[in-house]
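1. Sequence first, predicted coordinates after that:
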Amino acid sequence: MRRAFPSGMAGLFAVAAMFWITAPARAVKPFKDQFEVKYVKKKPANEKERAFAEAVAKAECSVCHEGKSKKDRNVYGRQLAKLLDKETDRENGDKIRKTLDKVAQLKSDPKVKDSPTFGELIAEGKLPGGEPKTDQKGQETAE
């Protein structure tokens, strides 16, 4: 009698490795958690807050990232990355919150005089880095 277990396990490892290699960008969990504590209401009081909470949940890592690499950030994520280091700041909740406050005051497009700040976009119920870019199949794409 032949054993199928070892070859089956090899297949599972191959599939797992493929997903790991092609995994989309992942947020630094403490950064994501602090963003959600600050901006996402657990009990939304109105439709705008509810829509924003749903948009953040759907966007996941795309609140700050775009494309398929962890290094690909949208305009909001690039501003946060200038002020936060994922290795040294991940456990510094106070610095993360202060950085979120600083970035909220920045213009979403510094080249456009009247562009809203990131904080104004969030207050309007919009994702600060814009809507995630997707292809026809709904998969995130690199710019």
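-> Yep, it's here. Numbering: from 1, shown residues only.
2. Lowest-scoring secondary structure element of this structure by mean pLDDT?
-> One helix or strand of the chain scores below all others by mean pLDDT, DSSP states H and E: helix 5-21, with a mean of 47.
3. Could you list every helix and strand in contact with the helix or strand just after that one?
-> On the C-terminal side of helix 5-21, the nearest following helix or strand under DSSP states H and E is helix 29-39. Secondary-structure packing of helix 29-39 (3 or more C-beta pairs under 8 Å, 6 or more residues apart in numbering; DSSP states H and E): helix 47-59, helix 93-104. From N, CA and C alone the C-beta is placed, and that goes for glycine too.
4. could the ones you listed go into CSV alongside mean pLDDT, mean neighbour count and distance to K38?
-> Listed next are the helices and strands packed on helix 29-39 as CSV, based on pLDDT from 0 to 100; neighbours: other C-beta atoms under 10 Å; distance: least, C-beta to C-beta, whole Å:
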stretch, mean pLDDT, mean neighbour count, distance to K38
helix 47-59, 94, 15, 11
helix 93-104, 97, 16, 6
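5. Now distance to P132 too, for the ones you listed, in TSV please.
-> Converted to TSV, the helices and strands packed on helix 29-39 look like this (distance: least, C-beta to C-beta, whole Å):
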stretch	distance to P132
helix 47-59	5
helix 93-104	19
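6. Which of those sits closest to A81?
-> A81 lies closest to helix 93-104 among those, at 10.0 Å (C-beta to C-beta).
7. ok, residues contacting the closest one?
-> Residues from elsewhere that reach helix 93-104 (C-beta atoms under 8 Å, 6 or more residues apart in numbering): 30-31, 34-35, 38-39, 76, 79-80, 83-84, 89, 117-119, 122, 128.
8. then it to CSV, C-alphas only?
-> Taking Å, rounded to 0.1, in the frame of the first residue of the first chain, the C-alpha atoms of helix 93-104 are listed here in CSV:
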residue,chain,number,x,y,z
GLY,A,93,1.2,53.8,20.4
ASP,A,94,1.7,57.4,21.5
LYS,A,95,4.0,58.1,18.6
ILE,A,96,1.6,56.4,16.1
ARG,A,97,-1.3,58.5,17.4
LYS,A,98,0.7,61.7,17.2
THR,A,99,1.8,60.8,13.7
LEU,A,100,-1.8,60.2,12.6
ASP,A,101,-2.6,63.6,14.0
LYS,A,102,0.3,65.3,12.1
VAL,A,103,-0.5,63.5,8.8
ALA,A,104,-4.2,64.4,9.2
